[in-house]
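S.K.: need a structure here:
(one chain, ligands or ions: 1)
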Amino acid sequence: MADPGRHVLVVHASAHGSTAEVAERIAARLRTVSVVVDVRPAGPDLDLDVDLDRFDAFVLGSAVHDMAWLPEARDLAGRLAPALRGRPVWLFSVAGIDPRGRIRGWMARQEVARVASGLPRELRPRDHRLFGGVVRMDGVPLWGRVFYLLARQRAGDHRDWAAIEAWADGIAAALPSATATPRP
Ligand SMILES: Cc1cc2nc3c(=O)[nH]c(=O)nc-3n(C[C@H](O)[C@H](O)[C@H](O)COP(=O)(O)O)c2cc1C
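M.R.: Residues are numbered from 1 along each chain as shown. Below you'll find the predicted structure:
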């Protein structure tokens, strides 16, 4: 049986799979400390009205396209926001910018602010973290190539798994302790 307070829903939206893998890694990390985790892709068939009360905390993440979350993630955030008021929520974005480094770190903060401006105001996350994703140059429009040039961002996999796991550890630490420690 799940420990009270330690059942987490992780929902992700991913166009090419890198965000889904980040979500799975967050879930795997949480499970190492006895958190029960459901991972689901965002989409219209996610019937959250029925399920929400089963969860104690929520992690929502999306790939960033054109400076915004993917439409299914924005739609889901809009549907969820009223029900999540006052409940623990963490957001993550997976983007072309690898936030490691001073300039890219600054760009990542700007990107988080732009992404957040497209999400419902009532969604008040405990944190919204941007992780570097997988940069592909094929199919990227000219403005995107200029953006990557300015950011000195090369093609390739920029996911910082240590940072992703450390972030998941922070979420676990914010949940009630597992029953491994005896309760009074
Ligand atoms: C069409 C398109 C638009 C993108 N727009 C942005 C953007 O505005 N800002 C950014 O930082 N990264 C942008 N990216 C990079 C993606 O966020 C990055 O590749 C991410 O890893 C994609 O996640 P996914 O594999 O889950 O789809 C874009 C990628 C594509 C394909």
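S.K.: in this structure, what residue lies closest to the ligand?
M.R.: Nearest residue of the chain to the ligand: Gly133, at 2.1 Å (CB to the nearest ligand atom). Where you see a C-beta, it was placed from the backbone N, CA and C, and this is true even at glycine.
S.K.: that residue reaches Ala108, doesn't it?
M.R.: No - taking CB atoms under 8 Å as the definition, Gly133 is not a contact partner of Ala108, at 11.4 Å.
S.K.: which stretches of this structure form helices?
M.R.: 18-31, 48-51, 71-84, 102-117, 142-150, 161-174 (DSSP state H).
S.K.: need the winner for burial among these.
M.R.: Most buried of the helices of the chain, by mean neighbour count (mean count of other CB atoms under 10 Å): helix 18-31, with a mean of 20.
S.K.: from the contact counts, what lies against it?
M.R.: strand 7-13, strand 36-41, strand 57-65, strand 89-95, helix 161-174 (3 or more CB pairs under 8 Å, 6 or more residues apart in numbering; DSSP states H and E).
S.K.: near the ligand at all, that helix?
M.R.: Yes - under the criterion of CB under 6 Å from any ligand atom, the ligand is reached by helix 18-31 at Ser18, Thr19.
S.K.: now do that helix and strand 57-65, the angle between them.
M.R.: 160 degrees (axes from the mean of the first three to the mean of the last three CA atoms, to 10 degrees).
S.K.: identify the residues contacting helix 18-31?
M.R.: Helix 18-31 is contacted by residues 8, 10-14, 37, 39, 41, 59, 61-63, 92, 94, 131, 133-134, 157, 159, 161, 164-165, 167-169, 171-172 when judged by CB atoms under 8 Å, 6 or more residues apart in numbering.
S.K.: circling back to that earlier point, what do Gly133 and Ala108 both touch?
M.R.: Ala95.
S.K.: Leu91 and Pro44: what is the separation?
M.R.: 20 Å (CB to CB, to the nearest Å).
S.K.: got it, and Leu9?
M.R.: As defined by CB to CB, Leu9 lies at a distance of 17 Å from Pro44.
S.K.: who's more crowded, the two?
M.R.: Leu9 (23 against 9; other CB atoms under 10 Å).
S.K.: can you pull the contacts of the nearest residue to that one once chain neighbours are set aside?
M.R.: Leaving out its chain neighbours, the residue that sits closest to Leu9 by CB to CB, 6 or more residues apart in numbering is Phe55, at 4.3 Å. By CB under 8 Å, 6+ apart, Phe55 lies in contact with His7, Val8, Leu9, Asp38.
S.K.: out of the residues you listed, who's the most crowded?
M.R.: With neighbours taken as other CB under 10 Å, the top of the contacts of Phe55 is Val8, carrying 26 neighbours.
S.K.: list the beta-bridge partners for that one.
M.R.: Beta-bridge pairing of Val8 under DSSP bridges involves Val37, Ala57.
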